[in-house]
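*Asks:* What shape does this take:
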Amino acid sequence: MQVRQHPLPSPAPGTRRELVSLHYGQPGQGQKVYIQASLHADELPGMLTAWHLRRQLDALEAAGRLAGEVVLVPMANPIGLSQWWLQSHLGRFESLSGENFNRHYPEYIEAAAHVAEARLGADPTQNVAVLRAALKTEVQSAPADTELKALRKTLMLLACDADVVLDLHCDAQAVMHLYTETPCWPQCEPLAAFLGAGVTLLATDSGDNPFDEACSQVWWKWARHFGDRFPIPQACLSVTVELRGQQDVHHDLAEKDAQAIVDFLTWRGVIAADGAAPVVPAAVGDARPLAGSMPIQSPVAGVLTFLREVGETVRAGDVIAHVIDPITASVTELKSPVDGLLFARDTLRLVTTGARVAKVAGREATRIGKLLGAR
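*Replies:* Have a look, this model is predicted:
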C-alpha cells in the first residue's frame, strides 16, 4: 500500500490542509476501484467503514489477493472536517462560499470527446481507454484557484478513470440506501443486494452535478453524443452509498458494511476469492425513481415528534409526524404524499416553517427539475 499526500492551497497564512489517499494493488492491473468517505465531513459512518476497509485491504494485499487496483480516501474533506462554530460541526457546506461539498463538479464531456474523437474506433475496450485518457487530461488542466476547487479537482483526478466509484455518505436518520444513475443500475443491483439496501434511487442527471454523477454520466452522455459511430459502454459504476444515519457509527455496522463491499468487489473479480466466490444475496429493497422520492415539509414551525419509524412502508395520507406549537398548543399533522418507503428523516426536533423533515420513496416519478435538495 502506498500513502499519498495531496496538498491543498493554503486558505490563510500559516495554514495548510491536505488530502490523503491510500493505494492498493498495481495501477493498470485489472479493474480500478475508487472509494471515498465523508465528502460531507459531518457524516461519520463512512470514515469508520473506511477504517475497517483499510484493515481488510491491508490483509488482502499481503495475501496477494488483489486482482485490481483499489484507491481508498479515508477522509475526503479536510476543509469541512475543520469547520466548527460554537461547538457545532459544519461539514456539509463550505463556510467561505456556502457551496455544498457534493455539488457543482465540473463537466468535461464535450471537451474530452473533442480530444478523443479522432482516436475512437470499433473496439469498445480501446474506446474506453482513449476516453479515460482524454478525461484525465481535461481534469488535470482545469483551474484550481480556490481551496474548494482544488479539493474537487484532486478527488476527480483520483476517481475519473475508475471502473467502480463508491462515495460513502449517510443521511440524518435512515435505512441503508443508494443513489446511482439509471444507466448504472444493472451493475449496481448486486451491490445493493450485498449491502442490504432498503431502496436504490435512480435518476438520469439529477441536477447540480454531485460527485457520483460527475464520474458516471460521462459514459452515457458520450454514448449519446457519438451514437452509432462508436461503441461506448457504461464504463463506470458510480454510487452514493448512504450508510444509514449520522449516529450509526458502530463497529458492528461498519465491519458488516466493509465486508459487504469486499464481497461485492470479490464477486466483480477485483479481489481473488479464497475458495468459492461470494453469491449475490437476495435483495432487501428495490430500485425506485429519485423523481418519486417525496420530501415531507412542515408548513409551520414548532416541536417535531415522529409517529412512524424509518424503514416503515406508509400510504398516502398516513400521518408521519406532529408539529406542536408550544405557545398555542396547536398540533399540525404531517402526512405522506405518496405510498412508499419512509427511508429517511431529520434529527432536528425544532423545525422552521418550510423545513423538510422526512423523505418517502414512491414508485412513480412525479417530480421534475433538480431532484437533490441543498441538504
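*Asks:* Pull the contacting residues for residue 332.
*Replies:* For residue 332, the contacting residues are 298-300, 302, 322-325, by C-beta atoms under 8 Å, 6 or more residues apart in numbering. Every residue, glycine included, has its C-beta placed from N, CA and C.
*Asks:* got TSV for those residues, with pLDDT, neighbour count and secondary structure too?
*Replies:* Compiled in TSV, those are given as follows (pLDDT from 0 to 100; neighbours: other C-beta atoms under 10 Å; DSSP: H, G, I helix; E, B strand; the rest coil):
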residue	pLDDT	neighbour count	secondary structure
298	98	20	coil
299	98	10	coil
300	98	17	coil
302	99	21	strand
322	99	15	strand
323	99	23	strand
324	99	16	strand
325	98	13	coil
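*Asks:* And those, which is closest to residue 124?
*Replies:* residue 298 (49.7 Å; C-beta to C-beta).
*Asks:* Roughly how far does that closest one sit from residue 331?
*Replies:* To residue 331, residue 298 is 12 Å away according to C-beta to C-beta, to the nearest Å.
*Asks:* same deal with residue 238?
*Replies:* 43 Å.
*Asks:* and residue 153, how many neighbours?
*Replies:* A count of nearby residues for residue 153, using other C-beta atoms under 10 Å, gives 20.
*Asks:* Residue 136 is in contact with that one, correct?
*Replies:* No - contact criterion C-beta atoms under 8 Å: residue 153 and residue 136 do not qualify, at 11.4 Å.
*Asks:* on that earlier part again, quick one, which of residue 238 and residue 331 is more surrounded?
*Replies:* Taking other C-beta under 10 Å, residue 238 and residue 331 do not tie; residue 238 has more neighbours (29 against 13).
*Asks:* Please name the bridge partners of the more buried one.
*Replies:* Beta bridges link residue 238 to residue 165, judged by DSSP bridges.
*Asks:* quick thing: my sequence starts at 25, can you match it?
*Replies:* Yep, numbering from 25; the last one is residue 262 now.
*Asks:* which ones are touching it?
*Replies:* Per C-beta under 8 Å, 6+ apart, neighbours of residue 262: 188-191, 204-205, 208, 236-237, 239-240.
*Asks:* what would these look like in TSV with pLDDT?
*Replies:* As requested, those are exported to TSV (pLDDT from 0 to 100):
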residue	pLDDT
188	99
189	99
190	99
191	99
204	99
205	98
208	99
236	98
237	98
239	98
240	98
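*Asks:* just for the stretch 275-399 of the chain, where's the confidence low?
*Replies:* 398-399 (pLDDT under 70).
*Asks:* sec struct for residue 344, please.
*Replies:* At residue 344 the chain is in strand, as set by DSSP: H, G, I helix; E, B strand; the rest coil.
*Asks:* The most centrally placed residue in the chain: which element?
*Replies:* Residue closest to the mean C-alpha point of the chain, counted by C-alpha atoms, centre = their mean, is residue 264 at 2.1 Å. Element membership for residue 264, per DSSP states H and E: strand 261-269.
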